[in-house]
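# everything below, folded, please.
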Amino acid sequence: MKKKQVMQVSKETFLYERPIKKDYDFNMWFYFPGPESFAMSSLGYLWLYRAIDMLDGIDIERVYDDTKTTRIMRDKIDLIAMSFTFDMDFMAIFKFLEWNKFELKAKDRKDTDPIIFAGGPVISSNPEPYKEIFDFMIIGDGEGVNLEATKLCHKLKDLPKSKILEEISKLEGVYVPSINKSVKKITRKLTECIYTPIISESAFFPNTFILEVERGCANRCGFCLASYLNLPIRFVEYEKIIEAIDLGLKHTKKLALLGAQITAHPRFKDICKYIETKIDNGEEIEMSVSSLRVDSFIPEVVNTLVKAGQKNLTLAIEAGSERLRRVINKNLTEDQIYKAIDVARDCGLKGIKFYGMIGIPTETQEDIEEIVNLSKRIKQKYKGFDISFGVSTFVPKANTPFQWFGREDEKSLEQKSNYLKKELHKIGVQISISSAKWDYYQALLSRGDDKLTDFVIDVYKLGGKLGAFKKAAKEHKIDTNYYATENYSYDKHLAWDFIEIKPGKDFLIEESKRLISQR
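Residues are numbered from 1 along each chain as shown. All right, here's what the predicted structure looks like:
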């Protein structure tokens with residue numbers, strides 16, 4: 001027996017058929033290491049929840065960092081899944097485990113304790129710092145294997161934990177640290193359009209219907225984990241996108257199109273035209289997109305976005321000089337930037353936000369100065385048009401061509417940050433720059449190995465501030481510069497080499513050499 005397609009629960013609207021479950025014999029928590037508002041805007045988290053929620057016999061509850069009480073009692077839980085998206089999420093994850101009186105290390109937990117597993121970008125790129133924490137981990141796209149693993153845990157629930165893990169270790173894309181010596185990263189075909197299955201007023205983006213247009217990015221910037229972790233680029237069929245849009249618009253006027261390179265979709269102009277026609281016919285629609293490629297700043301696309309309420313757009317230029325953009329594989333000329341601004345202004349946009357990065361390998365002071373010079377030229381050429389910058393510092397990520405390059409030292413990065421803030425302020429350009437201190441420890445975790453497990457546990461126990469990282473490193477004799485700032489040789493064995501991933505290490509080495517030699 002099924003309930004009707006759309007069900008109202010408090011401030012949530014479910015856009016899928018939920019089975020009426022009376023007899024549960026398996027209980028599960030799905031934990032998100034952030035507040036409920038963030039979880040309810042996380043497409044991957046909600047879609048995985050939907051898949052398990054539709055299974056018979058399993059009672060799954062969403063749990064967040066700010067959850068005060070749970071519907072399912074702790075002692076009734078058989079399985080806990082965790083989303084691990086950002087490096088610093090370990091703090092919230094450890095807090096959740098400790099709060100619920102679970103030992104942090106898997107080997108110290110009882111056989112009667114639930115199996116605890118995790119997935120997400122952090123785990124898929126380099127799970128080694130956390131191999132002692134989780135019973136198993138999902139490497140790669142989680143939609144299919146997450147469901148398979150959950151069903152297997154349900155089926156084998158009466159067996160000892162070791163026997164269950166033995167069976168789970170046979171699934172492709174599953175890494176059981178106590179068993180597997182290697183694991184193949186899962187890359188799925190996009191056979192369906194993933195969309196927000198629950199529209200919520202309490203979401204960070206309230207009442208917004210998010211849908212995935214594509215996955216991956218063919219640009220392959222040398223530093224970019226989002227690109228390399230999701231290769232090859234894959235597109236959702238046009239008809240399935242339109243079907244999802246129609247479903248979403250029955251329940252909200254807010255749409256968000258998701259993808260690292262959404263405008264590369266072969267029918268993206270048609271998608272925009274479909275939405276624009278609805279707006280022209282009197283339908284009220286608000287639509288937002290993630291940052292655009294410069295060659296996608298064409299009137300057909302920008303006009304639709306303006307009609308759908310966007311006043312500003314974002315453009316990732318990454319670096320001020322064309323030379324440095326070639327180094328990272330961002331083959332973008334200054335003329336192309338001007339053409340994008342021409343289109344944006346002609347279509348009624350008031351400004352553009354540029355995303356950039358400092359501390360990129362081979363970067364010089366001249367490259368930094370070119371960010372300021374480019375801004376001056378834009379301000380002179382487009383008077384009254386607002387530009388701003390959001391800048392981060394380079395963090396080497398596992399399984400990218402720049403994984404062998406360490407970070408620039410903190411003092412140098414701070415000098416560059418201060419220079420940009422000062423010079424851009426002079427010409428009325430706003431800029432926000434990520435913390436070089438925190439990015440340093442993000443790099444430490446990104447290129448970490450299993451020697452860091454006790455270190456991160458102590459960082460948590462010491463409160464998780466910058467001082468905690470320093471104190472824990474001293475206590476455990478961790479050379480943090482080895483992970484964060486040291487350049488690695490191409491023949492060095494890396495902690496994450498056991499992951500079978502495409503493109504493989506040989507390709508990454510050749511690409512790294514090609515990019516770093518750009519002039």
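# how much space separates E12 from P197?
Per CB to CB, to the nearest Å, E12 is found 10 Å from P197. Bear in mind the C-beta positions are built from the backbone N, C-alpha and C, glycine included.
# who's more crowded, these two?
Each of E12 and P197 had its neighbours counted (other CB atoms under 10 Å), and the higher figure belongs to P197 (20 against 14).
# any idea of the pLDDT on the more buried one?
Looking at P197, its pLDDT reads 96.
# check contacts around it.
Contacts for P197 were tallied using CB atoms under 8 Å, 6 or more residues apart in numbering; they are 14-16, 46-47, 49-50.
# cutoff 7 Å now
14-16, 46-47, 50 (CB atoms under 7 Å, 6 or more residues apart in numbering).
# give me the nearest residue to it, chain neighbours excluded.
Using CB to CB, 6 or more residues apart in numbering and skipping the chain neighbours, the partner closest in space to P197 is R50 (4.0 Å).
# gap between the one you found and F30?
Look at R50 and F30: by CB to CB, they are 11 Å apart.
# neighbour-wise, which of those two wins?
Applying other CB under 10 Å to R50 and F30 shows that F30 carries more neighbours, namely 23 against 19.
# my read: the more buried one touches I60, true?
Yes. Assessed by CB atoms under 7 Å, F30 is found in contact with I60 at 5.8 Å.
# quick one: common contacting residues for these two?
Common neighbours of F30 and I60 (CB under 7 Å, 6+ apart) are Y49.
# for the stretch 151-300 of the chain, just list every one of the helices.
161-168, 225-228, 238-249, 268-280, 299-307 (DSSP state H, counting those that start in this stretch).
# between those helices, which gets nearest to E408?
helix 225-228 (18.9 Å; CB to CB).
# which other helices and strands contact whatever helix or strand M137 lives in?
For M137, the enclosing helix or strand under DSSP states H and E is strand 136-138. For strand 136-138, the contact count by 3 or more CB pairs under 7 Å, 6 or more residues apart in numbering; DSSP states H and E identifies strand 115-119, strand 174-175 as packing neighbours.
# sorry, back to before: ranking the contacts of P197 by neighbours, who comes first?
L46 (25 neighbours).
# so that residue makes contact with I198?
Yes. Here L46 reaches I198: they are 5.7 Å apart, a contact under CB under 7 Å.
# will you turn the helices of the stretch 151-300 of the chain into CSV that also has distance to V174, mean neighbour count and mean pLDDT?
Listed next are the helices of the stretch 151-300 of the chain as CSV, based on distance: least, CB to CB, whole Å; neighbours: other CB atoms under 10 Å; pLDDT from 0 to 100:
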stretch, distance to V174, mean neighbour count, mean pLDDT
helix 161-168, 6, 18, 97
helix 225-228, 21, 21, 91
helix 238-249, 28, 18, 97
helix 268-280, 35, 17, 94
helix 299-307, 40, 19, 89
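# can you redo those helices as a markdown table with distance to P361?
Below are those laid out as a markdown table (distance: least, CB to CB, whole Å):
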| stretch | distance to P361 |
| --- | --- |
| helix 161-168 | 39 |
| helix 225-228 | 16 |
| helix 238-249 | 38 |
| helix 268-280 | 32 |
| helix 299-307 | 33 |
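# tell me how far the nearest residue in space to P361 that is not next to it in sequence lies from L79.
Closest residue in space to P361, ignoring its immediate chain neighbours: F405 at 4.5 Å, by CB to CB, 6+ apart. Noted for F405: a distance of 39 Å to L79, by CB to CB.
# and P396, by the same measure?
Counting by CB to CB - P396 and L79 are separated by 34 Å.
# closest to K379 among the contacts of P197?
Distance to K379 across those (CB to CB) is lowest for L46, with 41.4 Å.
# buried residues in the one helix or strand that closest one maps to?
Assessed by DSSP H and E, L46 sits inside helix 43-53. Buried residues in helix 43-53, defined by neighbour count with 16 or more other CB atoms under 10 Å: 43-53.
# also stretch 99-109?
In stretch 99-109, counting by 16+ other CB under 10 Å, buried: 100, 102, 104, 106, 109.
# nearest to I457, out of these: which one, please.
Distances from I457 to the buried residues of stretch 99-109, taken by CB to CB, are shortest for L104, at 5.6 Å.
# go ahead and confirm the closest one touches K95.
No. Using CB under 7 Å, L104 makes no contact with K95, being 10.3 Å away.
# fine by me, thanks again.
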